[in-house]
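# pasting the sequence and the predicted coordinates here, then a few questions.
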Amino acid sequence: PRRTAILAEVASRVALGGSLQSTLDDLCRSVVDATGAVSAAVAMTDEETGLQRMVGTCNLPEGYPEALNSILETGTLMLAQPAFEGRRAALVREMRRKVLDAPAYAPLHTFMRQVEWDSILAVPMIYRGQPMGVLLGYYLPGRSLSADEIGLCMAIADQAAVAVENARLVKQVQGKAALEERQRLARELHDSVSQALYSIALNAAAAGQSLQ
């Protein structure tokens with residue numbers, strides 16, 4: 001019953017729409033509340049650049065998402081990459097050691113000496129067979145996850161994928177509407193210029209006749 005209630009709340013939040021950032025933040029909060037994660041986040045793959053980027057978050061240290069995004073902007077892949085590529089949930093343990101041992105992750109080293117979590121559950125976000133990103137749950141060292149908790153994270157990841165796709169479609173529709181509006185304005189401008197030129201021609205002809 002609790003799981004059903006959580007999923008109903010998550011689905012309702014996605015259906016309400018709003019900004020993608022706030023929706024994903026809320027879904028991350030659901031992961032923390034429902035599974036005992038210390039923190040949670042959503043990372044997406046940018047359609048245009050192909051680079052990964054952290055978007056929604058809950059309970060991550062201030063500055064952490066920006067530091068991680070600065071790393072990802074260089075083309076460096078996330079340590080939870082199997083969830084992106086293999087389309088399967090992946091539990092990565094000893095994250096602090098792995099990050100501190102990776103020179104490319106230097107911007108995160110200060111944070112890793114402060115955080116309590118040491119394991120990350122990365123769950124792929126899939127929409128109609130298309131990978132949209134990953135949902136990340138951050139857990140304390142030695143924390144074991146039940147099949148029910150992993151299943152709940154997977155269900156929330158599915159909803160996150162729907163939210164991302166909805167935002168993409170809205171942006172696409174808005175882009176199309178903007179294009180149509182520009183085309184309409186261009187036609188109006190063309191018509192007004194044509195009318196102005198026609199008026200000038202008539203006035204010039206009339207002026208010529210007057211001079212004659």
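That came through, no problem. Numbers count the residues shown, from 1 in each chain.

# and the strands in this structure?
All strands of the chain, identified by DSSP state E, fall at 39-45, 52-58, 90-92, 119-127, 130-139.

# next, the contact list for L100, please.
Contacts for L100 (CB atoms under 8 Å, 6 or more residues apart in numbering) come out as H109, M112, R113. All C-beta atoms are positioned from the backbone trio N, CA, C, and that covers glycine.

# and these, which are buried?
Buried residues within the contacts of L100, counting neighbours by 16 or more other CB atoms under 10 Å: M112.

# C58: which of the contacts of L100 is nearest?
In terms of CB to CB, no member of those lies closer to C58 than M112, at 18.3 Å.

# report pLDDT for the closest one.
On pLDDT, M112 comes in at 93.

# what of S199?
Reported pLDDT for S199: 61.

# what about the helices in the chain?
For the chain, the helices defined by DSSP state H occupy 2-16, 20-35, 64-72, 81-85, 95-100, 109-112, 147-211.

# to L24, which of the strands of the chain lies closest?
strand 52-58 (2.5 Å).

# show me what the closest one pairs with in its sheet, parallel or antiparallel.
Strand pairing for strand 52-58, determined by DSSP bridges: strand 39-45 (antiparallel).

# contact partners of the strand it pairs with?
With contact meaning CB under 8 Å, 6+ apart, strand 39-45 is reached by 24, 27-29, 31-32, 51-60, 65, 72, 78, 84, 115, 117, 125, 131-138, 160, 164.

# list only buried entries from the residues you listed.
By 16+ other CB under 10 Å, the contacts of strand 39-45 give 24, 27-29, 31-32, 52-60, 65, 72, 78, 84, 115, 117, 125, 131-138, 160, 164 as buried.

# having no further points to raise, I will conclude here.
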